[in-house]
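Enquirer: Show me the folded form of this:
(chains A and B)
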Amino acid sequence: MSNRQANTEASKREADSKPESSDFIREIISKDLQQGMDEGKIVTRFPPEPNGYLHIGHAKSICLNFGISEENTGAVCHLRFDDTNPAKEETEYVDSIKEDVKWLGFEFGEKEFYASDYFDRLHEYAVQLIRDGKAFVCDLTKAEIAEYRGTPTVPGKNSPNRERSVEENLTLFDKMKNGEFADGEKTLRAKIDMSSPNMHMRDPAIYRIRKTLHHRTGDKWVIYPMYDFTHCLSDAIEGITHSLCTLEFEVHRPLYDWVLDHLSTPSRPRQIEFARLNLSYTALSKRKLLQLVENGDVSGWNDPRMPTLSGLRRRGYTPESIRKFCTQIGVTKFNSVTDLARLEHSLREDLNKSAHRVMAVLKPVKLILTNYPEDQVEEMEAVNNPEDPDAGTRLLPFSRELFIERDDFMEDPPKKFFRLAPGREVRLRYGYIIQCNAVVKNPDTGEIEELHCTYDPETKSGSGKPTRKVKGTIHWVSVQHSIPAEVRLYDRLFTKENPTDEKDGTVFTEHLNSDSLAILSKCRIEPSMKGALPGARFQFERIGYFCVDSIDSTPDQLVINRTVTLRDAWAKRKR
RNA sequence: AGUCCGGUGGUGUAAUGGUAGCACAAGGCCCUUUGGAGGCUUUAGUCAAGGUUCAAAUCCUUGCCGGACUACCA
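Expert: Residues are numbered from 1 along each chain as shown, chains lettered A, B, ... in the order given. You can find the predicted model right below:
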């Protein structure tokens, strides 16, 4: 026994003293460091396209990139907006992305960059490629290019314009730049290999014409560089050492390398791919999330059911819990689906330590203590957070008429029901032991309207008197002292574990959970919640973690969101 | 179909030729004035078949399964 104890103690200590969790990317980096790469100055980057809101999947990338910069002395992580497609990108998204990264707890400071800041240099690089005979202006239409490209099994055909002279290409590219052609009329293409088994190497477009206002460069440009051309060069310009991206870019890596191999750049970054995050019962693609917003399936990008960082924030998630989650799930190269329960676990773990406990009754039923003096009010001392002695205590008003949870009473209870029932005793949390004597029902509806109980004055909480044990403890609020609130119970947005798997012929919106939101408007909360600030988080004892809604709550009408339920052994038993 | 990348308990991961371990989930027990928290505990895994080796999750071969790729998106 003592031996085993010693063992677990030892292993705990070992776990504590280990650095940060490692993964194949961090191992590559520490190897590079050992070999003296860049005098130990690691530079990573988080490169969002400002065309939507960040979600929990991006958090994985943010934690990886910024995490690595925090773990290595002298290292930095850049925030770089990949804004090369003016048709889709907006300043609104830039602002939300910056806010979300900061909220997660990461500092980019001055390292805020935009691919659009490099448009001049990128243009020069393109001209250089033309001069070197490595790029040409192509007249083919979009459809023709697709046709000429072939398929993975059939090699493509060369564009008829592939052998244009350098001079002609230069002139044509200049005319593209000067707006002399319409959108789609011409493209600049890299001259690589139309028979490559890698489709991305079949003379990919690197510049296209888009006569659209750009959110930062306005009307300065009518030609815009493509991702594959932009990303590697932006990395090289910024001195990124390790360019970390998701698995779907693996096939782009030969092109990433090709561009850098054929141009003289200030540095030579390296792309490494890892698996993106998938979460059960969740959709994680900007396109699909956009669809939910536009369909009105949710109230917006920050709907508390959305997996966006703004949604999770409004729901009551803490940045710490998300960061913890991201380090716990690890980084690998294989596709996987992470159990939503994991995210919820790290949330509860964090909130359990930090959230103040409060008594709230969501579905009230009146309970009258028939032997308690009419006008008497007692102040019961309640612990704010049993996990944190420094959180102190507060006083709860206790009186003859109380509200308790409708679910905490059953007329005809099963054996393992530890709560109130006719003739049964329970303890009122921080109060007395009571016994139920009578049930008053509405004669028309049969609905329970009042429970008449008696209390035992000898059993007051904290009185130190020896008292009998009762199996159940329930929460309550005083009718006259409690304050009203609207409580919004949120649940998972989808009923299907992998809603975006559409191989079975279904569309992800078919799996929307019709019970993902339930609004309770007659809730009663203990008076200490008066004046609670938007965003404030609490644990409602025995129910779950909640927060004051940051948008809809007002001092007069509290609106409270359920962040996550408590683990519930009783609910499990019922299943 | 071709190319590339991957396959470790139900789930997420570790073991870098040398004892298959951790976490989540699920079950049980203890404790408890939150059916919370905490403590203890059980179940359960190397895709398959060959080969190399004293020794294979790890290296090799073949097969099977999964993913990515066929935007002037990123």
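Enquirer: contacts and neighbour counts: CA atoms only from here.
Expert: OK.
Enquirer: got the contact list for stretch A:94-114?
Expert: Contacts to stretch A:94-114, defined as CA atoms under 8 Å, 6 or more residues apart in numbering, come from residues A:50, A:53-54, A:62, A:66, A:77-83, A:309-310, A:319-320, A:322-323.
Enquirer: Quick check: buried residues in that stretch?
Expert: Using 16 or more other CA atoms under 10 Å as the test for burial, stretch A:94-114 gives A:94, A:96-98, A:100-101, A:103-104, A:106-108, A:113-114.
Enquirer: Which of these fall within helices?
Expert: Among the buried residues of stretch A:94-114, the members falling in helices are A:V94, A:S96, A:I97, A:K98, A:D100, A:V101, A:W103, A:L104 (criterion: DSSP state H).
Enquirer: Make JSON lines from the residues you listed and add pLDDT to it.
Expert: Listed next are these as JSON lines, based on pLDDT from 0 to 100:
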{"residue": "A:V94", "pLDDT": "98"}
{"residue": "A:S96", "pLDDT": "97"}
{"residue": "A:I97", "pLDDT": "98"}
{"residue": "A:K98", "pLDDT": "98"}
{"residue": "A:D100", "pLDDT": "98"}
{"residue": "A:V101", "pLDDT": "98"}
{"residue": "A:W103", "pLDDT": "98"}
{"residue": "A:L104", "pLDDT": "98"}
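Enquirer: show me where chain A has helices.
Expert: Ranges of helices in chain A, per DSSP H, are A:2-17, A:24-34, A:56-71, A:91-104, A:119-131, A:142-149, A:166-177, A:227-238, A:253-261, A:286-295, A:309-315, A:319-329, A:340-354, A:569-574.
Enquirer: Buried residues in the third one, which are they?
Expert: Read it as helix A:56-71. Counting neighbours by 16+ other CA under 10 Å, helix A:56-71 gives A:56-70 as buried.
Enquirer: okay, the angle between that helix and helix A:24-34?
Expert: 20 degrees (axes from the mean of the first three to the mean of the last three CA atoms, to 10 degrees).
Enquirer: ok, and what's touching helix A:56-71?
Expert: Contacts to helix A:56-71, defined as CA under 8 Å, 6+ apart, come from residues A:20, A:26, A:42-46, A:75-77, A:101, A:106, A:244-245, A:276-278, A:284, A:307-309, A:322-323, A:326-327.
Enquirer: What's the ChimeraX syntax to select whichever of those are buried?
Expert: Burial among the contacts of helix A:56-71 is assessed by 16+ other CA under 10 Å; the matching ChimeraX selection reads:
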select /A:26,42,43,44,45,46,75,76,77,101,106,244,245,276,277,278,284,307,308,309,322,323,326,327
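Enquirer: residue of chain A with the smallest distance to RNA strand B?
Expert: Residue nearest to RNA strand B within chain A: A:S461 (2.4 Å; CA to the nearest atom of the strand).
Enquirer: what about that residue, how many neighbours?
Expert: Residues lying near A:S461 (other CA atoms under 10 Å) number 19.
Enquirer: need the contact list for it.
Expert: A:M380, A:R429, A:Y430, A:G431, A:Y432.
Enquirer: Please repeat the previous calculation with a cut-off of 7 Å.
Expert: A:S461 makes contacts with A:Y430, A:G431, A:Y432, as judged by CA atoms under 7 Å, 6 or more residues apart in numbering.
Enquirer: give me the subset of those touching RNA strand B.
Expert: Filtering those for proximity to RNA strand B by CA under 7 Å from any atom of the strand leaves A:Y430, A:G431, A:Y432.
Enquirer: Most neighbours among the residues you listed, which one is it?
Expert: Neighbour-wise, these (other CA under 10 Å) top out at A:G431, 25 neighbours.
Enquirer: Looking at per-residue confidence, what score does the residue nearest to that residue when sequence neighbours are not counted get?
Expert: Nearest residue to A:G431, sequence neighbours excluded (CA to CA, 6 or more residues apart in numbering): A:S461, at 5.2 Å. Note on A:S461: pLDDT of 92.
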